[in-house]
Structures are given as structure tokens and as C-alpha cells.
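J.: any chance you could fold what I've pasted below:
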Amino acid sequence: MTWMDRISLFEPLDYVALAGIFAAWFGLTWVIEHANPKRPSVSHLMAQYRREWMAQMITRQPRVFDAQMISTLRQSTAFFASTSVIALGGTLALLGNSERLSTVVADLALTDLPTVAWEFKMLLPLVFLTDGFLKFVWSNRLFGYCSVLMAAVPNEPDDPRAPMLANKAAEINITAARSFNRGLRSLYFALASLGWVIGPILLGFTVVLTVVIVWRREFTSQSRRILLENDAL
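T.: Below you'll find the predicted structure:
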């Protein structure tokens, strides 16, 4: 079977749905990370608190609490990285047993596609899971960099190097959190991409549902309102 034959297995609606999920993935990330300052996202609000955290760390003695916080953040990234690997292994196992998968899914989708078509459909969540794993691993390493910078902040609050190093630690912390959030969104879209197994219409529905859920959490959630109220105090 040539590549043209494989491409012809899918309808134009499939390619529209594929373009839609990637557009939603990239577009949602851009909107969240470049939100209007007058209507900031939760990610932007938390970035300000991370800067405040590092500013308060300068005068905190001892800094055991800060070390525990960084350790907790690294454990979170390690947990999600491990989860992504397990999910990747499960997806690869499905690809290795694609004939049974095609039999089961054909009954649900009420379509008769060759096995290679189902294999292509399972590659979509594989892409998102791989991206999520890479983002979590990089986030874990960045939190490690942050811990080193925190340890380099002098114990004397009057030391002129203290604010500079604390600010560097804050920015690395924010970058690590950004990578972690991107990894989470990749997992969200990996789940949404499973809708394509049934068909492009269901894929479009799961993508819209995912966008609505993430948008709400970033721009209209109760946690965001609490963060804004605290900022106003």
C-alpha cells in the first residue's frame, strides 16, 4: 500500500478535524501565555506569586520551607513524566495489537476501515503523550536549576547579590511552571485525540470540550477569582 493509498483511506473531514486539534493546541497555549494584562490567566497570576515567593525567601530563616516546596514541585513533574511513559507504553502496546483493536473499534465506530487506518489514528495520542513527557522532564530539570539558584542566594538580606539571584530563581521557576502547564495541556489533548478513533465528528466535539475546560480553568474559574481578590488586598 502506497502513501497515496493510505491518505485516501481518510475523508476530508478527518483532515479538518486534525487541523482543528493542532490549531486548538497551539492557539490555546498562545492565548494563555500571552493573555491581556487586564484579564490575566491563572498562569500569569501564579507567575507573580512565584516572584513574590522568591522575594520573601531572601529574609526567611531558615529556608527549609522553600526547599520542601521545590522538592514537592519536582515530585509532581516526576509523577506526571512517569504517568506519560506508562501511557506511551500502553499506546504502543495497542499499536502492536492493532488487529484486535480494529475489531473492537469497528463495532463502536460502525465503519469498516483497514487495520492501518486504526494504527494511524493511534499515532495522534502518541504525539501528544510524547510532547507531554518531554515537557515534564524539562520542567523537572528547570526546577532543579531553580533549587541551585535558591541555594546561591546569600543568607544576609542586605547582600546586594541577594535580590538579583532571587529574581533569577523566580524567572527559572516561572519557566519550569510554564513547561509543566504545557505538559498538562498535552495530556488533555491526548485524551481528546482518542475521539478520532470513533470518527472526526467526535474528535471535533472532544477538542471543543477540552478547550472549554482549559479556558474556564484559566480565565473564569473560582481559583482565579480568589487570586484576583488577594491581589486587590
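J.: residues in contact with E218?
T.: I32, A35, S41, V42, S43, R224 (C-beta atoms under 8 Å, 6 or more residues apart in numbering). Quick note: C-beta positions are derived from backbone N, CA and C, even for glycine.
J.: if we use 10 Å, what do you get?
T.: When contacts are counted by C-beta atoms under 10 Å, 6 or more residues apart in numbering, E218 touches 28, 31-32, 35, 40-45, 181, 185, 224.
J.: and what of V214?
T.: With contacts defined as C-beta under 10 Å, 6+ apart, V214 is in contact with A24, L28, T29, V31, I32, N181, L184, R185, Y188, F189.
J.: out of the residues you listed, name the ones that lie in helices.
T.: Counting by DSSP state H, the part of the contacts of V214 found in helices is A24, L28, T29, V31, I32, N181, L184, R185, Y188, F189.
J.: same list, those residues, but as a markdown table with distance to Q75 please.
T.: Output for the ones in helices among the contacts of V214, formatted as a markdown table (distance: C-beta to C-beta, whole Å):
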| residue | distance to Q75 |
| --- | --- |
| A24 | 30 |
| L28 | 27 |
| T29 | 24 |
| V31 | 29 |
| I32 | 24 |
| N181 | 17 |
| L184 | 15 |
| R185 | 20 |
| Y188 | 21 |
| F189 | 24 |
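J.: what subset of the residues you listed is buried?
T.: Neighbour counting with 16 or more other C-beta atoms under 10 Å marks A24, L28, T29, V31, I32, N181, R185, Y188, F189 as buried within those.
J.: could you work out the most separated pair of those?
T.: The most widely separated members of those are A24 and N181, with 15.7 Å between them, by C-beta to C-beta.
J.: list the residues that contact F219.
T.: Contacts of F219 by C-beta under 10 Å, 6+ apart are V31, I32, A35, R39, P40, S41, V42.
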